[in-house]
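Asks: When you get a sec, could you give me coordinates for this:
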Amino acid sequence: MDLATIDHLLTTTRSVRKRLDLSRPVEPAVLERCIEIALQAPTGSNSQGWHFLVVTDAAKRAALADLYRRAFDGYVSMRESGPQLPPEDLRAQQMPRIIDSASYLRDHLHEVPVLVIPCVEGRVENAGVLAQASIYGSILPAVWSLMLALRSRGLGSAWTTLHIMFEREAAELLHVPAEVTQTALLPVAYFTGSAFRPAERLPARERTYWNAWGTRR
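Replies: Presented below is the predicted three-dimensional model:
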């Protein structure tokens, strides 16, 4: 097993927005193979209640992009009026660049050739934390595996959830059954360029505790 290649894939797979190639089509067979790989991910109680809704129809992509824009504008307004991180915080320093990238996606989402909505059977809005963890834990590992499989084939994606503010409208558009939960929306396209590098993150040691919360080794 080539650890260097694996570590590079894991540390450089993240949201791709501005570098999505909006003009190059994505072959259905490539998407289908990546989804096959994704379905090897763990699933709670062997439920395998996952579904991947692949949207290539231009009119439906435009309608989903409109829902995303409405949600994005509301999110930005809410964020600007909410509590802020101190200026010296790494995340605060990175936020202008992230907002700029996210704003680009807001304006161009309808042009992305493929939108993938991972779904899972069941609803947990009114359930307890155990049921919520089980349901989401049965789909999110598969979504991450999908992103890794795409990345290894030269395709970029971005994990977005804002359209879920209007989940019912999206469900009506795509005929998603009422008992199925949409968990994300991934814009998928080939990416331009080849240089991806690890992102600057908060130190792992500061986020790792041993035997009790707050206890570091």
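Asks: among the helices and strands of this structure, which has the poorest mean pLDDT?
Replies: The weakest-scoring helix or strand in the chain, judged by mean pLDDT, DSSP states H and E, is helix 90-108 (a mean of 83).
Asks: what's the single longest strand in the protein?
Replies: If you go by DSSP state E, the chain has its longest strand at strand 114-121.
Asks: Now do it: everything it contacts.
Replies: 26, 31, 47, 49-56, 61, 64, 109, 135-136, 138-139, 142-143, 146, 157, 170, 174, 176, 179-189 (C-beta atoms under 8 Å, 6 or more residues apart in numbering). C-beta here means a position set from N, CA and C on the backbone, and glycine is covered the same way.
Asks: cool, and stretch 153-166?
Replies: Counting by C-beta under 8 Å, 6+ apart, 15-17, 19-20, 26, 30, 34, 64, 67-68, 70-72, 74-75, 105, 116, 143, 146-147, 150-151, 170, 182-191 sit against stretch 153-166.
Asks: Which ones among these map onto strands?
Replies: Per DSSP E, the subset of these in strands is V116, Q182, L186, P187, V188, A189, Y190.
Asks: ok so, going back, within its sheet, name the partner strands of the longest strand of the chain and how each one runs.
Replies: strand 50-55 (antiparallel), strand 180-182 (antiparallel), strand 186-190 (antiparallel) (DSSP bridges).
Asks: just those strands: most buried one?
Replies: strand 186-190 (a mean of 24; mean count of other C-beta atoms under 10 Å).
Asks: max-length helix in the protein?
Replies: helix 58-81 (DSSP state H).
Asks: That one vs strand 50-55, what angle?
Replies: Going by axes from the mean of the first three to the mean of the last three C-alpha atoms, to 10 degrees, helix 58-81 is angled at 110 degrees with respect to strand 50-55.
Asks: What helices and strands are in contact with helix 58-81?
Replies: Secondary-structure packing of helix 58-81 (3 or more C-beta pairs under 8 Å, 6 or more residues apart in numbering; DSSP states H and E): helix 90-108, helix 167-174.
Asks: Go through the longest one and flag the buried ones.
Replies: Buried positions in helix 90-108, judged by neighbour count with 16 or more other C-beta atoms under 10 Å: S101, A102, L105, R106.
Asks: distance of the closest residue to D66 other than its chain neighbours from A131?
Replies: Among residues not flanking D66 along the chain, H110 sits closest, at 7.8 Å (C-beta to C-beta, 6 or more residues apart in numbering). To A131, H110 is 35 Å away according to C-beta to C-beta, to the nearest Å.
Asks: Which one's more surrounded, the two?
Replies: Applying other C-beta atoms under 10 Å to H110 and A131 shows that H110 carries more neighbours, namely 19 against 13.
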